[in-house]
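Chemist: requesting a structural model of the entry that follows:
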Amino acid sequence: MTIELYQEISLTRDLPEYGLRSGDIATLVDFVDHPSGGEQGCVLEVFNAIGESIETIAVPISAIEVLRSDEILSVRILAKAS
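Modeler: Next up, the predicted model:
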């Protein structure tokens, strides 16, 4: 399935520097080329459970995947890295 701008995606890996975990959901807001020809990147906006923007991050495209109909959403406390 194609990943499109402004689509909600899920993370495929933990990102402890942001307090995020595999399975967390974000919105894809941009694609970015790697400066030296490496893997394409994605800019994501992360929202809390009530829709407030809490973080904008850049990750490699391999760190995201589209949401599937056999998945269910859940809520957890965001534990910021110290």
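
Chemist: who touches the residue located most distally from the centre of the chain in this structure?
Modeler: Taking CA atoms, centre = their mean, the residue of the chain most remote from its mean C-alpha position is S36, at 22.5 Å. If a contact means CB atoms under 8 Å, 6 or more residues apart in numbering, then S36 has no contacts. Backbone N, C-alpha and C define where each C-beta goes, glycine included.

Chemist: what about the strands in the chain?
Modeler: 8-11, 25-32, 41-47, 53-60, 64-66 (DSSP state E).

Chemist: and those: which comes nearest L78?
Modeler: Across the strands of the chain, L78 has its closest neighbour in strand 53-60 (7.2 Å, CB to CB).

Chemist: give me the contact list for stretch 11-25.
Modeler: With CB under 8 Å, 6+ apart, stretch 11-25 has contacts from 8-10, 26, 46, 55, 57, 59, 62-65, 67, 73, 76, 78-81.

Chemist: ok, stretch 48-58 next?
Modeler: Everything outside stretch 48-58 that qualifies as a contact, by CB under 8 Å, 6+ apart, is 15, 18, 20, 26, 29, 32, 41-47, 75, 78.

Chemist: again, only using 10 Å
Modeler: With contacts defined as CB atoms under 10 Å, 6 or more residues apart in numbering, stretch 48-58 is touched by 11, 15, 17-20, 26-27, 29-30, 32, 41-47, 63, 73, 75-78, 80.

Chemist: among the strands of the chain, which is nearest T2?
Modeler: strand 64-66 (8.0 Å).
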